[in-house]
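Student: only geometry, no sequence info:
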DNA sequence: CCGCCGATGGTC
DNA sequence: ACCATCGGCGGC
């Protein structure tokens, strides 16, 4: 693929986190590899983390070195290490100081049309695209090695459900802040409609 | 198909 | 001690 596809403006991120989480579906996540080659993907699953009042949100534990980026201006990447071995990619939302972000949980390849790695799952997509904590703080509004562009066509059919892996968050565990493109079979089936399994024998 | 468990290391 | 995960394995 050949960017520059224009990056989404900062105003896109400087909004209600739930709206940003929904509107990121269909957007392009662009990654330039070490060899200068581009990979264009399409966002198909997200989760909103609303701020310090949201007990599932990292900022609920206050302002710390790790969450500094989340309290910063919108439109920056918040990348953190989970379980000692996977990175998770987020976009900071709302005005500076708010402490909210959207986790990108799954993308699908656009160009190249297929890749030898899976990109569904927050840990798999960062591993597959070579995203790690060195990308923390990247300004996604700049056309750089990692940024986000507008969708070819907006996603209108959106499903939602509880976020994954936040059972510790009390009342907030059940909040329907996970969003995915309805009917897309590449979204991991956690909480989504069961994927009909292909017949393997005859 | 479902559920359990280990890997692995930053964070507070 | 916990954790916004993943993949392998064993049981049904």
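Tutor: Arrived safely, thanks for sending. Quick caveat: nothing in here was measured; it's all calculated off a predicted structure.
Student: Can you give me the neighbour number for the nearest residue to residue A:28 once chain neighbours are set aside?
Tutor: Leaving aside its sequence neighbours, residue A:28 sits nearest to residue A:149 (CB to CB, 6 or more residues apart in numbering; 4.2 Å). (Each C-beta comes from the backbone N, C-alpha and C, glycine too.) By other CB atoms under 10 Å, 18 other residues sit near residue A:149.
Student: what does the one 4 residues further on give?
Tutor: For residue A:153, the tally of surrounding residues (other CB under 10 Å) stands at 7.
Student: contacting residues for it?
Tutor: Counting by CB atoms under 8 Å, 6 or more residues apart in numbering, residue A:153 touches residue A:26.
Student: quick one: secondary structure of it?
Tutor: Here residue A:153 is recorded as coil under DSSP: H, G, I helix; E, B strand; the rest coil.
Student: ok, now residue A:47?
Tutor: Look at residue A:47: counting by three-state DSSP, its state is strand.
Student: thinking again about what came up before, the residue nearest to residue A:28 reaches residue A:24, doesn't it?
Tutor: No - using CB atoms under 8 Å, residue A:149 makes no contact with residue A:24, being 11.1 Å away.
Student: Close to DNA strand B: what parts of chain A are there?
Tutor: Chain A comes close to DNA strand B at residues A:61, A:64, A:65, A:66, A:67, A:80, A:81, A:82, A:83, A:84, A:85, A:197, as judged by CB under 7 Å from any atom of the strand.
Student: Please name the residues that touch residue A:74.
Tutor: Neighbours of residue A:74 in contact, by CB under 8 Å, 6+ apart: A:10, A:13, A:14, A:91, A:92, A:93, A:94, A:95, A:96.
Student: In ChimeraX, how would I select the buried members of these?
Tutor: In ChimeraX, this line selects whichever of those come out buried by 16 or more other CB atoms under 10 Å:
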select /A:13,14,91,92,93,94
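Student: Could you dump the contacts of residue A:74 into TSV with distance to DNA strand C added?
Tutor: Output for the contacts of residue A:74, formatted as TSV (distance: CB to the nearest atom of the strand, whole Å):
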residue	distance to DNA strand C
A:10	20
A:13	14
A:14	18
A:91	10
A:92	10
A:93	11
A:94	13
A:95	17
A:96	17
